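Novice: just a sequence and a predicted model for now, questions to come.
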Amino acid sequence: CIDSFKVTIELNEAPVVHCPGDTALTLCSLVPVSISGFTATDPDGDELFVSVSQGQLNGDTVTFTPVEGENVIIFSAYDNCESIAACTSIVNVNLNQPPVCQFPNDTTITGCVENEICLPVSATDKNGNLVDCQIISGPGVIENGFWCYSPVTNETIIVTIRCYDACEAYCENSFTVIFD
């Protein structure tokens, strides 16, 4: 009589991890941010233990307080057999810069003081989040990128204009117009 038995050996497979793609953010300040898309599965159905190199992981979302520049998040998962897998997401953080104003120089306008005068006012914003330009003090209105005013007599006026962005950063300047 011969006894026989069959032995089946199943090799453990490493977990499978996924990180979101690299991204760039422009922030008003260095406040906590959340990035989602960090997932892990195990082809063998083993229990997984997950961790991140910075911040807190909640579900598939990592929340962390970034630094300006490159922030590297390494997401790791290992199973009961200590098989490990990891992936990396890079979050490039730029801090918002205030707009740069382009206002008229101090100007003297002679003759025809009863006609409306319009001078260009504008701002550029490196981050592309310019909201508006407003008159802080002085007469006139801003329309379509021009400060416009109709003088009623010979006079000297000082106009202060502020241009601000979505982060409430701003540029501000004054100019003088002499109507003679």
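Specialist: Happy to help now that I have it. Numbering: from 1, shown residues only.
Novice: output the lowest mean pLDDT helix or strand found in this structure.
Specialist: strand 107-109 (a mean of 90; mean pLDDT, DSSP states H and E).
Novice: now the element after that one, going C-ward?
Specialist: Remark: after strand 107-109, the chain's next helix or strand is strand 117-120, criterion DSSP states H and E.
Novice: neighbouring strands - and their directions - for the least confident helix or strand of the chain?
Specialist: Pairing partners of strand 107-109, with direction, according to DSSP bridges: strand 170-179 (parallel).
Novice: how about the closest residue to residue 143 other than its chain neighbours, what does it touch?
Specialist: Closest residue to residue 143 apart from its sequence neighbours, by CB to CB, 6 or more residues apart in numbering: residue 118 at 8.0 Å. Bear in mind the C-beta positions are built from the backbone N, C-alpha and C, glycine included. Applying CB atoms under 8 Å, 6 or more residues apart in numbering to residue 118 gives the contacts 143, 146, 147, 148, 149.
Novice: need the pLDDT of residue 118.
Specialist: The model reports residue 118 with a pLDDT of 93.
Novice: what's the answer for the one 4 residues further on, then?
Specialist: Here the pLDDT value assigned to residue 122 is 95.
Novice: that one: neighbouring residues, count only.
Specialist: Residues within reach of residue 122, counting by other CB atoms under 10 Å, total 16.
Novice: what does the one 5 residues further on give?
Specialist: Around residue 127 there are 18 other residues, counting by other CB under 10 Å.
Novice: and it, how far from residue 26?
Specialist: Going from residue 127 to residue 26 by CB to CB, to the nearest Å gives 5 Å.
Novice: list the residues that contact both of these two?
Specialist: Common neighbours of residue 127 and residue 26 (CB under 8 Å, 6+ apart) are 94, 96.
Novice: let me know the secondary structure of the most centrally placed residue in the chain.
Specialist: Note on the chain: the residue nearest the mean C-alpha position is residue 26, at 2.0 Å, using CA atoms, centre = their mean. Classification of residue 26 using DSSP: H, G, I helix; E, B strand; the rest coil returns strand.
Novice: which residues sit in contact with it?
Specialist: Listed by CB under 8 Å, 6+ apart, the contact partners of residue 26 are 93, 94, 95, 96, 127, 129.
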